[in-house]
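Got a predicted structure here, sequence first:
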Amino acid sequence: MTIIQKEVLAAIAAGTGCGLIILNKDDKIEYWSPQMEDVTRLPAAKVLGQAWDSLLLPAGVSAADEEPELVAADQALPGIIFYPVTGSRKSVYRRIGILRLTAGPALAEMETLALFVAKTASGIPNREALSELVLHQLAYWERYRVSFSLLLLKIVNHGSFVDDLGAEDWELTNRSVFDQLCAYMRMTDKIGLYDEATFWVVLTNSTPEGSQVVADKIKRLISAMQVGKLGYSPEVVVGGVAARAGEKVDEMLKRAEQEVEKAARQASGLSFTS
């Protein structure tokens with residue numbers, strides 16, 4: 001495959017919001033798009049030339065400093081669809097795999113617009129943006145069965161921060177938390193502010209098990225933050241839910257709220273349900 005062909009494929013993947021894989025006639029991986037690298041955290045150099053049916057991938061989301069559970073590629077990426085490409089003699093010599101990272105171009109445009117206009121004063125996507133995003137993710141889940149999860153991260157001692165910092169500096173603290181979460185999460189995940197003291201995180205293409213690992217990691221990440229010259233750090237609890245068949249947006253958000261309430265009563269500060 002030439003450099004020009006690779007550049008064209010990368011442009012198509014970026015423009016359509018898809019991860020692309022090309023398998024040759026022996027079902028070995030010939031192309032692995034940058035989006036596939038983001039989703040699996042495996043660079044192309046590690047998978048090119050491997051047979052698809054023997055490839056092992058991380059099972060959903062995992063933390064960067066832990067060994068992830070490995071499963072068969074088609075199990076790790078249940079939403080991928082392969083299309084045969086035939087030659088002049090009608091013999092199949094390649095298969096192109098497409099993993100939609102958004103619910104199609106039209107929905108992707110709507111999602112981008114919603115995330116752009118529905119933001120807080122500090123530029124963080126808000127609850128309205130989350131509702132739009134979950135609506136599209138649920139439709140995508142129903143169509144392709146690619147699982148996703150919603151986490152709510154609540155700073156339970158935010159009142160102390162507001163009293164000591166003032167409302168304006170609290171907004172800056174929220175922005176710092178948002179930036180920390182963005183730096184940790186994958187490019188395909190989405191983050192925003194649910195209310196003045198609670199952040200939402202949508203984990204795409206994630207198993208419940210992997211989502212729980214991430215919930216624990218982001219709890220510890222934000223709990224370790226130092227805010228200005230204050231002598232204390234955020235006290236954080238995290239509740240989360242995995243998508244369910246036939247679920248409405250309000251139902252999923254309500255379940256997540258209930259889980260974060262449960263998390264506040266748990267010694268671990270964590271609660272997650274499928």
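Sure, I can see it.

which element follows the helix or strand hosting Leu172 toward the C-terminus?
Using DSSP states H and E, the element containing Leu172 is helix 167-184. Using DSSP H and E, the helix or strand that follows helix 167-184 in sequence is strand 190-195.

Am I right that Leu99 sits in a helix?
No: assigned with DSSP: H, G, I helix; E, B strand; the rest coil, Leu99 falls outside any helix and is strand.

Dig out what it forms beta bridges with.
Gly19 (DSSP bridges).

correct me, but it touches Glu37?
No: with contacts counted by Cβ atoms under 8 Å, Leu99 stays clear of Glu37, the gap being 12.0 Å. No exception for glycine: its C-beta is placed from N, CA and C like everyone else's.

List the buried residues of the helix or strand where Gly210 lies.
For Gly210, the element it lies in under DSSP H and E is helix 208-223. By 16 or more other Cβ atoms under 10 Å, the buried positions in helix 208-223 come out as 208-219, 221-222.

Just name the closest of those residues to Tyr31, please.
Closest to Tyr31 out of these is Gly210 (25.6 Å), distances taken as Cβ to Cβ.

Can you name the next helix or strand after the lowest-mean-pLDDT helix or strand in the chain?
Least confident helix or strand of the chain, by mean pLDDT, DSSP states H and E, is helix 104-117 with a mean of 41. With elements assigned by DSSP H and E, the helix or strand that comes after helix 104-117 is helix 127-144.

Okay, buried residues for that next one please.
In helix 127-144, counting by 16+ other Cβ under 10 Å, buried: 127, 129-130, 132-138, 140-141, 144.

Check stretch 169-184 too.
170-171, 173-178, 180-181, 184.

Looking at the residues you listed, spot the one nearest Gln5.
Tyr184 (34.0 Å).

surely that closest one meets Arg220?
No: at 10.6 Å, Tyr184 does not count as touching Arg220 under the criterion of Cβ under 8 Å.

I'd like the mean pLDDT over stretch 263-274, please.
For stretch 263-274, mean pLDDT is 95.

Keeping just the C-alphas, turn that stretch into CSV.
C-alpha atoms of stretch 263-274 as CSV (Å, rounded to 0.1, in the frame of the first residue of the first chain):
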residue,chain,number,x,y,z
ALA,A,263,-21.3,6.0,45.7
ALA,A,264,-21.5,8.7,48.3
ARG,A,265,-22.6,6.1,50.9
GLN,A,266,-19.9,3.6,49.9
ALA,A,267,-16.6,3.5,51.7
SER,A,268,-14.9,3.2,48.3
GLY,A,269,-16.7,6.2,46.9
LEU,A,270,-17.6,4.1,43.8
SER,A,271,-20.8,2.5,42.4
PHE,A,272,-21.5,1.1,39.0
THR,A,273,-24.3,-1.0,37.5
SER,A,274,-24.9,-2.5,34.1
